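Undergrad: Curious how this folds, go ahead:
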Amino acid sequence: MTNEDNRSSNRGKAESELTADEVEALVREYDSESNFRNLAGPTAMVVTVASVILSLFHVYTAGFGLLNEVMHRTIHLAFVMGLIFLVFPRKRAQPTGRIWVQSLIFAGFYLYLLYSLVQTLPASSLKFVFTGVMLVLIALTLPFNRPGAEPGKVALRDWAFAAFGAGFSAYLTIFFQHIFIENVGSPPDPVYMIGLIAIVMTLEATRRTMGPMLAYIGIGCLLYALLGPYLPGILAHRGYGITRIVNHLFVGTEGIYGVAVGVVATYVFHFVLFGILAQMSGLGQLFIDLATIIAGRASGGSAKVSVVSSSFFGMISGSPIANTVTTGAFTIPLMKRSGFSGRFAGAVEASASCGGQVTPPIMGASAFVMTEMLGVPYNELILIAIVPAAFHYIAILLMVHLEAKRLGLKGLSGDKIPQFGAVVARSWHLFVPLTVMVAMLLMQYTPFLAAFWGIILTIIFSYVPLLMHALGNRTMDTSTVLTPPRLIRGFEDGAKFALAIGAACACVGFLLGMTTLTGLGFKFSAAVVQLAHDVAGFVIGLDFTGLLSENGMALFFGLIFVALACIIMGAGIPTTPTYIILASIAAPALTEFGVPLIATHFFVFYFGVLADVTPPVALAAYAAAGLARSEPMTTGTTAFRLSMGKALVPFMFIYAPNLLFVDFTPLEFVTALLSGVMGILALSAAYIGWFRRDLVLVEKILLTLGGLFLISTHWAAITIGALIVLAVLMRPVKAGMAEDG
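TA: Numbering: from 1, shown residues only. A predicted model of the protein is given here:
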């Protein structure tokens with residue numbers, strides 16, 4: 001840590017803490033899912049009513065029975081797409097030239113799709129009208145503004161987009177019998193026209209909510225399907241016409257209405273809504289209080305409170321960035337006042353908040369996607385996730401502890417730590433909904449039914465403080481009661497926070513649909529396997545010891561290539577669609593090396609989440625830097641360093657699937673557990689540069705090598721790694737040096 005960092009850490013509270021408006025601005029800047037317009041008047045009323053109807057629809061169907069999957073998904077997406085264009089502004093602040101280039105790319109692609117489809121349709125007045133409508137729609141996607149227009153105001157084009165966005169799903173809902181039963185396999189021409197509108201509106205909604213990256217991926221998948229015969233080598237395929245592509249994406253459950261939207265409409269929406277209502281009822285403050293009680297007195301207690309509270313909050317939060325800002329608004333100023341630098345404080349919060357996505361029992365709702373894709377019961381999946389999540393938090397806590405010891409920092413004073421009895425007395429009612437929901441999940445009730453009862457009990461038990469006040473007990477906070485106005489706002493916020501993930505998953509349907517149509521996943525797998533074997537062969541050629549095997553090295557390089565692909569793909573995309581993309585494209589590559597399926601999915605999931613703290617696109621770390629008033633890139637680099645446990649854990653359960661209870665044997669499990677903890681300790685000490693004393697460069701290198709050896713499952717490698725680590729860590733402290741271990 002630099003002297004400047006130490007000086008900045010001692011600045012006053014006024015400089016450290018941000019106002020509520022500044023915190024909200026940070027969320028809008030870095031969390032695309034929360035970049036809502038400030039609506040007023042009739043538009044605000046329309047959005048509120050539609051959002052509440054959408055939330056009530058999901059609550060009702062969760063408790064009283066889902067519709068058939070196509071009908072359920074089309075109703076969900078009709079509301080989602082209609083609301084997106086009213087709730088989200090058309091563009092973020094960025095250079096005008098970049099906006100125009102981006103818009104022209106999209107408009108050019110839309111024109112290409114329109115031309116391709118019009119060529120295949122028979123001449124008719126409907127075709128003429130459709131062409132005119134599409135040309136107007138495409139023109140409206142360009143970023144021109146009328147003179148004097150307010151940038152954030154809902155314009156006429158937004159209402160037009162909202163109508164078309166809601167309309168393409170409503171069309172399938174209304175004409176369900178005609179399309180899916182009477183004309184199954186041979187849809188009439190209007191279906192292709194509406195299908196093209198669906199593709200355009202989905203890409204526009206994704207660009208508006210997520211930025212251009214995921215939309216570019218969707219465009220790339222469509223071009224891949226269209227231009228197959230013209231592609232080189234392994235990428236080439238027979239190619240598909242526009243009508244086949246539109247039919248595949250729009251009609252049925254292979255594309256837009258595929259598993260991604262299905263999971264959001266069936267599971268994710270409910271847990272987003274539960275998380276919003278739980279926060280409004282006081283659960284977030286309860287998590288912070290419990291974390292302070294658990295970790296506040298330890299050395300560097302303020303940072304450990306950040307880690308523990310973020311793990312609690314992250315379990316019910318679907319967004320690492322929202323988690324970072326929500327808990328970080330409290331923990332980052334606390335860490336800075338305790339003596340940590342702003343850079344380190346922001347990095348701790350960002351790394352811990354991303355860990356919430358991999359922490360059972362909720363895992364940011366991505367666990368429900370895993371159950372769908374793997375066919376593994378939910379209660380088994382969250383048990384499998386315990387050990388990897390524990391390793392991640394052990395790594396962060398160890399680094400925080402060593403940094404605190406290096407700086408000589410103490411825990412929080414007693415007056416800053418809540419009394420456990422007082423916390424329980426005023427917040428006991430908040431445990432009931434969460435406990436019931438988790439118990440139902442473990443008892444293998446459907447996740448949406450568990451979420452239903454979680455939501456209902458959250459509403460009911462939020463009235464406990466009001467009841468206790470009526471009985472004379474004044475210790476509870478009645479401001480958390482979900483009164484009808486607050487409940488309406490909760491339903492509205494729950495729907496709003498689910499909009500971006502809905503658009504993203506609809507766009508992910510392009511990738512899933514084109515993967516099944518063209519075999520893209522198998523081609524990616526073949527390319528990764530071939531590249532890994534080529535690099536392994538080159539390395540084996542340089543090995544003069546004869547200790548390396550080609551298969552072992554091919555697996556290692558295959559893991560490296562897939563990890564890099566995961567980090568790149570996950571940059572700026574929410575956790576759930578990131579996982580779906582990676583599980584469809586990247587995970588099959590690892591199965592070619594004989595890796596168990598559950599291990600491949602956890603591997604890509606972990607590295608997809610890691611993208612939020614991996615520069616240059618480390619959005620969670622940048623949001624934390626805004627709270628800490630630190631330099632974003634160095635905060636991101638530090639956050640990545642603190643997340644090295646999360647980066648190493650996937651390699652551990654690839655080489656030791658016992659940690660995921662695959663081919664479980666007690667001896668191998670205990671060995672992997674102990675060697676993993678020792679490896680994390682070694683790497684933590686190496687990265688912090690301290691263990692009972694300052695470590696020199698040679699010791700850091702030895703600890704890094706020893707920690708990497710300990711990841712292996714071979715006894716010889718584990719023994720060598722353990723000896724190296726123990727030799728460095730147990731080296732006697734020189735006379736005169738304070739031993740603070």
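Undergrad: Low-confidence bits of the stretch 151-300 of the chain, can you list those?
TA: For the stretch 151-300 of the chain, the stretches with pLDDT under 70 are 151-152, 183-185.
Undergrad: quick one: the helices in it?
TA: Here the stretch 151-300 of the chain has its helices, by DSSP state H, counting those that start in this stretch, at 156-174, 176, 189-210, 212-226, 242-250, 259-263, 269-280, 283-295.
Undergrad: Need the contact partners of the fourth one.
TA: Contacts to helix 212-226, defined as CB atoms under 8 Å, 6 or more residues apart in numbering, come from residues 102, 106, 109, 113, 116, 199, 202-203, 206-207, 231, 235, 239-240, 242, 245, 504, 507-508, 510-511, 513-515, 517-518, 520, 569, 571-573, 577, 581. All C-beta atoms are positioned from the backbone trio N, CA, C, and that covers glycine.
Undergrad: For residue 450, see how far away the residue nearest to the spatial centre of the chain is.
TA: Closest residue to the average C-alpha location of the chain: residue 575 at 2.1 Å, with CA atoms, centre = their mean. When distance is defined by CB to CB, to the nearest Å, residue 575 is 20 Å away from residue 450.
Undergrad: what do you get for residue 717?
TA: Distance from residue 717 to residue 450, by CB to CB: 43 Å.
Undergrad: Counting neighbours, go ahead and name the busier of those two.
TA: Shown here are residue 717 and residue 450; by other CB atoms under 10 Å, residue 450 has more neighbours (26 against 16).
Undergrad: from the chain's centre, how far out does stretch 51-69 sit?
TA: Distance of stretch 51-69 from the chain centroid (CA atoms, centre = their mean, to the nearest Å) equals 24 Å.
Undergrad: Point out where this structure drops to low pLDDT.
TA: Looking at the chain by pLDDT under 70, you get 1-23, 91-96, 145-152, 183-185, 314-318, 364-365, 572, 645, 734-741.
Undergrad: Domain-wise, how is it divided?
TA: With domains defined by automatic domain parsing, the chain comprises 31-144+153-250, 665-735.
Undergrad: Next, residue 35: phi, psi?
TA: The phi/psi pair for residue 35 (degrees, to the nearest 10) reads phi -80, psi 70.
Undergrad: what's the neighbour count on it?
TA: 19.
Undergrad: Which of the helices or strands spans the nearest residue to it once chain neighbours are set aside?
TA: Excluding the flanking residues, the one nearest residue 35 by CB to CB, 6 or more residues apart in numbering is residue 28, at 4.8 Å. Element membership of residue 28 [criterion: DSSP states H and E] is helix 20-30.
Undergrad: which other helices and strands contact the helix or strand following that helix?
TA: As assigned by DSSP H and E, the chain's next helix or strand after helix 20-30 is helix 41-64. Packing contacts for helix 41-64, counted by 3 or more CB pairs under 8 Å, 6 or more residues apart in numbering; DSSP states H and E, involve helix 69-87, helix 269-280, helix 447-461, helix 484-518.
Undergrad: same thing but at 10 Å, please
TA: Under the contact definition 3 or more CB pairs under 10 Å, 6 or more residues apart in numbering; DSSP states H and E, helix 41-64 sits against helix 69-87, helix 156-174, helix 269-280, helix 447-461, helix 484-518.
Undergrad: most tightly surrounded among these?
TA: Most buried of those, by mean neighbour count (mean count of other CB atoms under 10 Å): helix 269-280, with a mean of 26.
Undergrad: And that helix, what does it pack against?
TA: Helices and strands touching helix 269-280, by 3+ CB pairs under 10 Å, 6+ apart, are helix 41-64, helix 283-295, helix 301-314, helix 320-338, helix 366-374, helix 420-442, helix 447-461, helix 484-518.
Undergrad: Next, the angle helix 41-64 makes with it.
TA: Counting by axes from the mean of the first three to the mean of the last three CA atoms, to 10 degrees, helix 269-280 lies at 110 degrees to helix 41-64.
Undergrad: I'd say residue 133 and residue 163 touch.
TA: No - the criterion here is CB atoms under 10 Å, and residue 133 misses it with residue 163 at 11.3 Å.
Undergrad: any shared contact partners between those two?
TA: Counting by CB atoms under 10 Å, 6 or more residues apart in numbering, no residue touches both residue 133 and residue 163.
Undergrad: Quick check: residue 450 touching residue 442?
TA: Yes - Residue 450 is in contact with residue 442 according to CB under 10 Å; the separation is 9.3 Å.
Undergrad: list residues touching both of the two?
TA: Common contacts of residue 450 and residue 442 (CB under 10 Å, 6+ apart): 361, 378.
Undergrad: how deep is residue 637 tucked in, by neighbour count?
TA: Using other CB under 10 Å, residue 637 is surrounded by 18 other residues.
Undergrad: again with residue 468
TA: Neighbour count for residue 468, taken as other CB under 10 Å: 17.
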